[in-house]
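Chemist: Fold the stuff below for me.
(2 chains)
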There are 2 protein chains.
Amino acid sequence: MLRALGPDRAFGWNRSTAGAGAASAAGFDVSTDLAHTLRRAGRTDALVVVGVPLPALGAVLDAVADHAPTVALTDVVSVKGPVLAAVRERGLGARFVGGHPMAGTAHSGWDATDPDLFRGATWLVAADDDADPDTWSRVARTALDCGARIISSTSADHDAAVARISHLGHVLAEALALAGGRGGDLALALAAGSFRDGTRVAGSAPDLVRAICEPNRDALLAVLDECLGDLGAAREALAERGTLGPLIDEGHRARGAYEAVQAGRADAVVTVTPGAPGWLEALRRAGADGTEVRPAG
Amino acid sequence: MLRALGPDRAFGWNRSTAGAGAASAAGFDVSTDLAHTLRRAGRTDALVVVGVPLPALGAVLDAVADHAPTVALTDVVSVKGPVLAAVRERGLGARFVGGHPMAGTAHSGWDATDPDLFRGATWLVAADDDADPDTWSRVARTALDCGARIISSTSADHDAAVARISHLGHVLAEALALAGGRGGDLALALAAGSFRDGTRVAGSAPDLVRAICEPNRDALLAVLDECLGDLGAAREALAERGTLGPLIDEGHRARGAYEAVQAGRADAVVTVTPGAPGWLEALRRAGADGTEVRPAG
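Modeler: As a prediction, the model looks like this:
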């Protein structure tokens, strides 16, 4: 995040001395003193972007409540409902708008940062009830500054969606990797592009995968049950009739729908004036259609 | 296949007038007359490479039995056991050695051919009982001419392995695509690299996916049951304890094992003299270790 914004636009905190040192060596203004960094953010009316895994979020929000309780606040944590709840619990909701840039790699740490990671990526900016229009605009501008395009929805709709297009994919990638590994060296030597791509995210650190998926428990359980039903039906059809049944055609159609949505990304942009009557509903309507939004002005 | 070998090394048959026309226009020696092409192969002692989906295999093998019953024969059909059975049923087993280049794209037809598709790919050359050493060598040379590396195993071991590293991946990719599609345009707009990669093979033509996976019914059922068990256990753990359980660590370890096998590809090559005592066992031993083999000389 720091690197995407550049050293002239951002200052930051890193809990790791090594990480902060590497960032400082690269010319960035980074401290390992959280309280100091937050007080500075409060003084300068900075937008605080919280980028820690969910298990570390509570401690960081506690510090925000202590040292910068009125600061404008967003996050880049995967799941949005639990973050919103944690923010509201600490009385920090008035100037909070959640975010989620839909981009990442299987690698972690400062050395894995890529200033172009967010270029062309989709950045979810939340449109929850009572969202502060000024904070929404600042989060949106940050996403645009990083080269991303904005999709907006409620935190709950986001969480249901990412259970489908991210968290389920993590679980299936792990299961596919495990099945391949059980085949031993012959199977792993025969593995080609489909196995490489289908298991790519199983290369992510297990703690990170758990921190991304497990907090979205309810939505992930719902889609896991749906998926187990689909796979079980295909299994039965194969056992009884020698065919995988409708799954292959339905999956192919869905992949086509995905390609069409992605190919049509540039076709429409809805401009919304944060704070104008009905602005949150306009954001959510565009999001339901998969349409990019931009703040007016 | 023709294109990978080049116009001076190959002649061929294509059942489609359009496909044969496009290949001819590109300078290749291609006919739509199967009987004529097979008689020519028999006369010139060519190696016949059968590259049709399994449902079309019987008719092509019938023609081989009619017009070139003693020709050297291989195939590039995904599943090997059913091909071997169909070949033996027609009395064509004496000069047959099955093959499977582990490379492909989601696209079909002459325009989708890529002369470099097999470069660096793994090509399974079967080491079944009573394999003809001369045919084995010719199939191996063809794979090497296409730039591939050779792994050898029995047809049955190959089929069990590809159920794990290819066919299960097809089924999971379709299920993931379907789950994403059910999330509508919001989910499909939020989908990023992990969804793109995890559903890539769902872009393949459904008839081709079925033709690849369904003939491997028994091996695929076994690994589907194993996978449903893994996913069910993760689902129960998430519901009861809020964690996905051991799946994430086990999948990550398996992905690491895959990366290690692929990274170590160049480290060892076993040279085998086809027809020498114990040559089939030597091929299978190397295959079980995921080690490349080459014919001596």
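Chemist: For A:Ala127, grab phi and psi.
Modeler: Backbone geometry at A:Ala127, expressed as degrees, to the nearest 10, gives phi -120, psi 60.
Chemist: Who are the contact partners of it?
Modeler: A:Ala127 makes contacts with A:Trp136, A:Ser152, A:Ser153, A:Thr154, A:Leu280, A:Leu283, A:Arg284, A:Gly287, as judged by CB atoms under 8 Å, 6 or more residues apart in numbering or on different chains. Any C-beta I mention is one placed from the backbone N, CA and C, and that applies to glycine too.
Chemist: what's around the third one, how many residues?
Modeler: Applying the criterion other CB atoms under 10 Å in any protein chain shown, we find 27 residues in the vicinity of A:Ser153.
Chemist: Test my guess that it contacts A:Leu124.
Modeler: Yes: if you go by CB atoms under 8 Å, A:Ser153 and A:Leu124 touch, sitting 6.7 Å apart.
Chemist: Show the residue spans covered by the helices in chain A.
Modeler: A:2-5, A:17-25, A:34-44, A:57-67, A:81-89, A:133-145, A:155-162, A:168-181, A:184-190, A:193-198, A:206-213, A:217-241, A:247-263, A:279-288 (DSSP state H).
Chemist: With mean pLDDT and distance to B:Leu220 added, can I get the ones you listed in CSV?
Modeler: Shown next, in CSV, are these (pLDDT from 0 to 100; distance: least, CB to CB, whole Å):
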stretch, mean pLDDT, distance to B:Leu220
helix A:2-5, 76, 44
helix A:17-25, 92, 45
helix A:34-44, 96, 52
helix A:57-67, 97, 42
helix A:81-89, 97, 37
helix A:133-145, 97, 43
helix A:155-162, 98, 30
helix A:168-181, 98, 11
helix A:184-190, 96, 13
helix A:193-198, 95, 14
helix A:206-213, 93, 26
helix A:217-241, 98, 7
helix A:247-263, 97, 13
helix A:279-288, 98, 37
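Chemist: could those go into CSV alongside distance to chain B and mean neighbour count?
Modeler: Converted to CSV, these look like this (distance: least, CB to the nearest CB, whole Å; neighbours: other CB atoms under 10 Å in any protein chain shown):
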stretch, distance to chain B, mean neighbour count
helix A:2-5, 16, 20
helix A:17-25, 22, 15
helix A:34-44, 27, 16
helix A:57-67, 16, 16
helix A:81-89, 12, 18
helix A:133-145, 13, 20
helix A:155-162, 4, 25
helix A:168-181, 3, 28
helix A:184-190, 3, 24
helix A:193-198, 4, 23
helix A:206-213, 5, 20
helix A:217-241, 5, 17
helix A:247-263, 3, 20
helix A:279-288, 5, 20
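Chemist: can you put those in TSV and add distance to B:Arg253?
Modeler: Shown next, in TSV, are those (distance: least, CB to CB, whole Å):
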stretch	distance to B:Arg253
helix A:2-5	31
helix A:17-25	26
helix A:34-44	34
helix A:57-67	28
helix A:81-89	28
helix A:133-145	36
helix A:155-162	25
helix A:168-181	7
helix A:184-190	12
helix A:193-198	15
helix A:206-213	9
helix A:217-241	22
helix A:247-263	28
helix A:279-288	38
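Chemist: right, and the ones you listed - which one's nearest B:Thr44?
Modeler: Ranking these by proximity to B:Thr44 (CB to CB) places helix A:184-190 first, at 32.2 Å.
Chemist: for that closest one, packing partners?
Modeler: Where contact means 3 or more CB pairs under 8 Å, 6 or more residues apart in numbering or on different chains; DSSP states H and E, helix A:184-190 is packed against helix A:168-181, strand B:122-126, strand B:149-153, helix B:155-162, helix B:247-263, helix B:279-288.
Chemist: domain parsing for chain A?
Modeler: Domains of chain A are assigned by automatic domain parsing as A:8-154+A:269-295, A:160-263.
Chemist: can you list those in JSON lines and add distance to B:Gly193?
Modeler: Below are the domains of chain A laid out as JSON lines (distance: least, CB to CB, whole Å):
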{"stretch": "domain A:8-154+A:269-295", "distance to B:Gly193": "7"}
{"stretch": "domain A:160-263", "distance to B:Gly193": "8"}
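Chemist: For B:Ala94, which of those is the nearest?
Modeler: domain A:160-263 (26.5 Å).
Chemist: could the helices and strands packed on helix A:184-190 go into TSV alongside distance to B:Pro215?
Modeler: TSV is the format used below for the helices and strands packed on helix A:184-190 (distance: least, CB to CB, whole Å):
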stretch	distance to B:Pro215
helix A:168-181	19
strand B:122-126	16
strand B:149-153	18
helix B:155-162	9
helix B:247-263	25
helix B:279-288	21
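Chemist: Out of these, which gets nearest to B:Asp225?
Modeler: helix A:168-181 (10.6 Å).
Chemist: returning to that earlier point: out of the helices and strands packed on helix A:184-190, which is closest to B:Asn216?
Modeler: Comparing the helices and strands packed on helix A:184-190 by CB to CB, helix B:155-162 comes nearest, at 5.4 Å.
Chemist: elements contacting that closest one?
Modeler: Checking 3+ CB pairs under 8 Å, 6+ apart, helix B:155-162 ends up next to helix A:184-190, helix B:81-89, strand B:122-126, helix B:217-241, helix B:279-288.
Chemist: So which of the ones you listed is nearest B:Met1?
Modeler: strand B:122-126 (11.4 Å).
Chemist: The closest one - which strands sit beside it in the sheet, and in what orientation?
Modeler: strand B:99-101 (antiparallel), strand B:149-153 (parallel) (DSSP bridges).
Chemist: rewinding a little: so which of the helices and strands packed on helix A:184-190 comes closest to B:Asp197?
Modeler: Closest approach to B:Asp197 among the helices and strands packed on helix A:184-190 (CB to CB): helix A:168-181, 8.6 Å.
Chemist: Please save the CA atoms from that closest one in CSV.
Modeler: Extracted in CSV, the C-alpha atoms of helix A:168-181 (Å, rounded to 0.1, in the frame of the first residue of the first chain):
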residue,chain,number,x,y,z
LEU,A,168,-14.2,-21.5,-1.9
GLY,A,169,-11.4,-21.4,-4.4
HIS,A,170,-8.8,-21.5,-1.6
VAL,A,171,-10.4,-24.5,-0.1
LEU,A,172,-10.7,-26.3,-3.5
ALA,A,173,-7.1,-25.5,-4.4
GLU,A,174,-5.9,-27.1,-1.1
ALA,A,175,-8.1,-30.2,-1.8
LEU,A,176,-6.7,-30.5,-5.3
ALA,A,177,-3.1,-30.1,-4.2
LEU,A,178,-3.7,-32.7,-1.5
ALA,A,179,-5.2,-35.2,-4.0
GLY,A,180,-2.3,-34.7,-6.3
GLY,A,181,0.3,-35.1,-3.5
